[in-house]
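Asker: fold the following, please.
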Amino acid sequence: MALAAGPAPRVAGAPPLTMNARGVPVGDAQARGTEQGAGLALSGLGMALLQIMANVEGASSRAGVEPVHQMRVGFRRLRAANALARSQGLSGFTEGLEVEIRWVSKLLAVARDWDVIERETWPAACHDAADARRCAGVPARIAADATRRHRALDRALHGARFRHLALDLLWAVAQQRSECSALPAPRRIASVARATLGWRHAKLARAIRHAAQLAPEDRHRLRIDARKLRYLAELFAGHYPKRPVARYLRSLADLQTALGRQNDLRMSTRRLDRALRECEGAIRTRVAGILERHAAATASDLEKGLRRACARFERVSPFWA
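Answerer: Okay, the predicted model is just below:
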């Protein structure tokens, strides 16, 4: 389903989103402080759609783990840009469209989780030769589950439902574009950035002070807050000096990574337990024991990584302040 040409922007290397409300790229001097927030949202929506569509074939063909990851990030950027569009007076996505976005996002999430289990979590956890012998059939079971999830994703991405979703997204963005010209006089980007990012930054800064005491579910919510702030902040990146923007976005990416590693291990354990329910009890017990030992062995490093990421975020200054 080749709906777009050219490479998608990567997670850490996304180009600045400096386009005007008509989708025309503009120079920094022209863009800074003069573009309306709705136009910025439209630019973000267009870039996110490009990222999604450019990774469809790679994600469906299982050409490595990166296309699935990039497509997931594209949908996250899409939702961040849509949130900005709503805040600036545009109609935003309908509830039905949001349901369809959640549908494909879930398929991508499950496929990505099994990629992590197959390529990272299980090889790292079951490195002892004796454990490997006792769990000889588990890698094949993991590979079979990963393949099944990717086949389901492949069917979805080449099916009518996803084609309708793609067309509905294009129509929704076109409708938002037509609404943009009817909006009141634009506010300066600086005021839009403060209103959009300021309270989210303050909320995250308060929460990470207690990150060490948070339960896994609360840490997962903290990770979601960091992710939303990061993708919203990216929309404003081209309107501020590069160095402070890069430092701020890197601190959010590091926080996401630290929290994500802990969540990956938790989700891997949960998905493996469900996948092995049909196996004999001894196998499930061994697998649970291996993952439990792996979690205990890595807990200290993961906590240190989280503390470093939290400290780095606390030191960084918001680039829009």
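Asker: going forward, measure contacts between C-alpha atoms and count neighbours the same way
Answerer: Noted.
Asker: can you show me the helices along the chain?
Answerer: 28-31, 37-54, 56-61, 66-87, 95-116, 122-125, 129-134, 138-157, 160-180, 189-208, 216-235, 242-275, 281-315 (DSSP state H).
Asker: quick one: mean pLDDT over the longest one.
Answerer: With pLDDT averaged residue by residue, helix 281-315 scores 90.
Asker: check the fourth one too.
Answerer: The predicted model assigns helix 66-87 a mean pLDDT of 95.
Asker: please apply the same query to the second one.
Answerer: Confidence over helix 37-54 (mean pLDDT, whole number) is 93.
Asker: can you say which of the helices of the chain is packed in most?
Answerer: The highest mean neighbour count among these, using mean count of other CA atoms under 10 Å, belongs to helix 37-54: a mean of 25.
Asker: export that helix to PDB, keeping only CA atoms.
Answerer: Extracted in PDB, the C-alpha atoms of helix 37-54 (Å, rounded to 0.1, in the frame of the first residue of the first chain):
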ATOM      1  CA  GLY A  37      -0.800  27.200  16.100                       C
ATOM      2  CA  ALA A  38      -3.400  25.600  13.800                       C
ATOM      3  CA  GLY A  39      -0.900  25.700  10.900                       C
ATOM      4  CA  LEU A  40       1.700  24.100  13.100                       C
ATOM      5  CA  ALA A  41      -0.700  21.300  13.900                       C
ATOM      6  CA  LEU A  42      -1.400  20.800  10.300                       C
ATOM      7  CA  SER A  43       2.300  20.600   9.500                       C
ATOM      8  CA  GLY A  44       2.600  17.900  12.200                       C
ATOM      9  CA  LEU A  45      -0.400  16.000  10.900                       C
ATOM     10  CA  GLY A  46       1.100  15.900   7.400                       C
ATOM     11  CA  MET A  47       4.500  14.800   8.600                       C
ATOM     12  CA  ALA A  48       3.000  12.100  10.800                       C
ATOM     13  CA  LEU A  49       0.900  10.800   7.900                       C
ATOM     14  CA  LEU A  50       4.000  10.600   5.800                       C
ATOM     15  CA  GLN A  51       5.800   8.600   8.500                       C
ATOM     16  CA  ILE A  52       2.900   6.200   8.900                       C
ATOM     17  CA  MET A  53       2.400   5.500   5.200                       C
ATOM     18  CA  ALA A  54       6.100   5.300   4.400                       C
END
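Asker: who does it touch, helix- and strand-wise?
Answerer: Using 3 or more CA pairs under 8 Å, 6 or more residues apart in numbering; DSSP states H and E, the elements in contact with helix 37-54 are helix 66-87, helix 160-180, helix 216-235.
Asker: any idea how far Asp128 is from the residue sitting nearest the centre point of the chain?
Answerer: Nearest residue to the geometric centre of the chain (CA atoms, centre = their mean): Val73, 4.0 Å. Distance, Val73 to Asp128, by CA to CA, to the nearest Å: 35 Å.
Asker: first-to-last residue distance for stretch 233-248?
Answerer: 9 Å.
Asker: how about stretch 151-165?
Answerer: Stretch 151-165 has its terminal residues 19 Å apart, counting by CA to CA.
Asker: what are the contacting residues of stretch 83-99?
Answerer: Here stretch 83-99 makes contact (CA atoms under 8 Å, 6 or more residues apart in numbering) with 37-38, 41-42, 82, 165, 168-169, 172, 176, 179-180, 183, 196, 232.
Asker: how about the contacts made by Arg219?
Answerer: Here Arg219 is in contact with 211, 259 (CA under 8 Å, 6+ apart).
Asker: what does stretch 205-218 contact?
Answerer: For stretch 205-218, the surrounding residues in contact (CA under 8 Å, 6+ apart) are 219, 222, 263, 303, 307, 310, 313-314.
Asker: let's go with 7 Å and repeat that
Answerer: Stretch 205-218 is touched from outside by 219, 310, 314, with contacts defined as CA atoms under 7 Å, 6 or more residues apart in numbering.
Asker: distance from that stretch to the middle of the chain?
Answerer: 20 Å (CA atoms, centre = their mean, to the nearest Å).
Asker: now do stretch 246-264
Answerer: Stretch 246-264 sits 11 Å away from the centroid of its parent chain (CA atoms, centre = their mean).
Asker: what do you get for stretch 125-136?
Answerer: Here stretch 125-136 is found 33 Å from its chain centre; the criterion is CA atoms, centre = their mean.
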